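[1] Sequence and computational prediction follow.
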Amino acid sequence: MSKIRSVIRGVGSYLPEKVMTNDDLASFVDTSDEWIRKRTGISRRHIAAEGELTSDLGYHAAVRALGNAGIDASEVDLIIMATTTPDNTFPATATKLQSKLGLSGCAAFDIQAVCTGFIYALAQADNMLRLGQARTALVVGAEIYSRILDWEDRGTCVLFGDGAGAVVLRAEESNGAEHPRGVLSTTLGADGAYYDMLYVDGGPATTGTAGYVRMQGQDVFRQAVHRMSETVTKVLADQGLGLDDLDWLIPHQANLRIIEQVGRKLGIDRDRVVVTLQEHANTSAATIPLALTHGVERQLFKPGDVLGMTAMGGGFSWGAALIRW
Ligand code: UT7
C-alpha cells in the first residue's frame, strides 16, 4: 500500500564568524578552560555579530539546506522555525525568514519548545506533510543565546552559543517499499511543574524585558538523561524496533556527560553517537540540525540507517524522532 512519508532531502547549518574560546571566557568570568572541558566537553562557542539576527542565522542555514537538497526556494510551501530567541516578540521569525527567501503566501510560524524546539518543529512538519497540507517544508532551528545570557553567571554563560541548522523535508510516496525512507515516528512531551528549573527571568507579560537564562543545572542534567533515553526507546518501540536497531544517535548537544550517559543507557557504541558540542556549545533548538549536518557532510549515514534524534529542555519539554536515512 502506498503511504506518504516525510523524507529529509537536504540539510544545512550556519555558525557566526566570531569564536569565543573557553580561555576568552575565563578572561572576564571566574571559570577555566579545564573546568568547562571536564564538566561539559565544550571548547568554544560562536557569537553573532552586532546587528546579526536569528533570522539571518536561519536564512544562511536554510539556503545551504535548499542547496544540499537541490530544491529551489520557490518550492517551499511550509516554514517552521524553532527558536527561543526570536528577532522580535512578534511576528514569528519564520515570516522574516520567509521574506528573506523571497517567498510569500505559504504558512510560516515559530515553535517555542526551547532545546526540544527542533524535534517539536520536525514533528509538526511531518504531520502536516503526511496530511497533505504541504509538500516541501523548511524546518529550521536558529538561536542567538548570547543575547539572553547573564555574562556574570558562570553557571550558565559558559554553556551556550549561537547557531542555526535546517532541513528540507519533502512528502514522498513510499510506493509499498518494505523499509521506506523518512520520518518513522515522533514523540513529544512536557511537564510545566519544572518551569522554574530552566527559564528566562523576563518576558513581555512579566518584566517587559527579554531577561536572562536561569538554571538549576543538576536537576536539568538528571531529567535530560532520563527523558532523552526514554524517548528514543519509545520511538523505536512505536515501530516494533529495539535498541539493537538504532544505527545512529543524534542527541541534543548540551553536555558531553549527558550524551555519554544517554548513550550508555541505550547501549549504543560511542562512535555511533554524533557529538559536535565541543565546536559550538549548546545552541538550543539548533543543536540537532547542526549535528545532523555534521554527520551528512562526513557521510556517516548510509541509506537504510535508523537515526534517533532526542532532546530535552526548558518547560521541561522533551521529544524524539526516528528517521530511516
Ligand atoms: O539543554 C538543556 C539545558 N541545559 C543542560 O542540559 C545543562 C544541564 N546541567 C549541566 O550540564 C551541569 O549541571 C552543569 C555543567 C551546569 C554544572 O556541572 P556540575 O558538574 O553539575 O557542577 P555543579 O553545579 O555541581 O558545580 C560544581 C562546582 C561548584 O563549586 P563548589 O560548590 O563545588 O565549590 C560550582 O560553583 O563547580 C562550580 N562551577 C564552576 N566552576 C568553574 C559552576 N560553574 C562553573 C564554571 N567554572 N563555569
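    Thanks, I have the structure now. Numbering: from 1, shown residues only.
[2] What separation is there between Thr84 and Met197?
    Counting by Cβ to Cβ, to the nearest Å, the gap from Thr84 to Met197 is 15 Å. C-beta coordinates here come from the backbone N, C-alpha and C atoms, glycine included.
[3] quick one, phi psi at the nearest residue to Val220 once chain neighbours are set aside?
    Leaving aside its sequence neighbours, Val220 sits nearest to Leu198 (Cβ to Cβ, 6 or more residues apart in numbering; 5.2 Å). Main-chain torsions, Leu198, degrees, to the nearest 10: phi -160, psi 100.
[4] Now do the contacts for Leu198.
    Val114, Val213, Arg214, Met215, Gln216, Val220, Gly313, Gly314, Gly315, Phe316 (Cβ atoms under 8 Å, 6 or more residues apart in numbering).
[5] Same list (those) but as JSON lines, adding neighbour count, pLDDT and secondary structure.
    Output for the contacts of Leu198, formatted as JSON lines (neighbours: other Cβ atoms under 10 Å; pLDDT from 0 to 100; DSSP: H, G, I helix; E, B strand; the rest coil):
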{"residue": "Val114", "neighbour count": "24", "pLDDT": "98", "secondary structure": "helix"}
{"residue": "Val213", "neighbour count": "22", "pLDDT": "98", "secondary structure": "strand"}
{"residue": "Arg214", "neighbour count": "17", "pLDDT": "98", "secondary structure": "strand"}
{"residue": "Met215", "neighbour count": "19", "pLDDT": "97", "secondary structure": "strand"}
{"residue": "Gln216", "neighbour count": "13", "pLDDT": "96", "secondary structure": "coil"}
{"residue": "Val220", "neighbour count": "21", "pLDDT": "97", "secondary structure": "helix"}
{"residue": "Gly313", "neighbour count": "28", "pLDDT": "98", "secondary structure": "strand"}
{"residue": "Gly314", "neighbour count": "25", "pLDDT": "98", "secondary structure": "coil"}
{"residue": "Gly315", "neighbour count": "21", "pLDDT": "97", "secondary structure": "coil"}
{"residue": "Phe316", "neighbour count": "23", "pLDDT": "98", "secondary structure": "coil"}
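[6] Considering only these, which also neighbour the ligand?
    When contact is defined as Cβ under 6 Å from any ligand atom, those meet the ligand at Val220, Gly313.
[7] For Thr84 and Met197, work out which one has more neighbours and name it.
    Thr84 (24 against 17; other Cβ atoms under 10 Å).
[8] Mind pulling the model confidence for that one?
    On the pLDDT scale, Thr84 is placed at 98.
[9] Please report the number of neighbouring residues for the residue of the stretch 1-150 of the chain found nearest the ligand.
    Going by Cβ to the nearest ligand atom, the ligand is nearest to Thr31 of the stretch 1-150 of the chain, at 3.3 Å. Residues lying near Thr31 (other Cβ under 10 Å) number 18.
[10] so who does it touch?
    Asn22, Leu25, Arg154, Val158.
[11] wait, the last one sits on Asp24?
    Looking back up the chat, that one is Val158. No - the criterion here is Cβ atoms under 8 Å, and Val158 misses it with Asp24 at 10.7 Å.
[12] And the two? Which one has more around it.
    Higher neighbour count among Val158 and Asp24: Val158, with 25 against 15, using other Cβ under 10 Å.
[13] Can you check the pLDDT for that one?
    The per-residue pLDDT reported for Val158 equals 98.
[14] which residue packs closest to it, ignoring adjacent ones?
    Nearest to Val158 is Ile36, by Cβ to Cβ, 6+ apart, at 5.1 Å.
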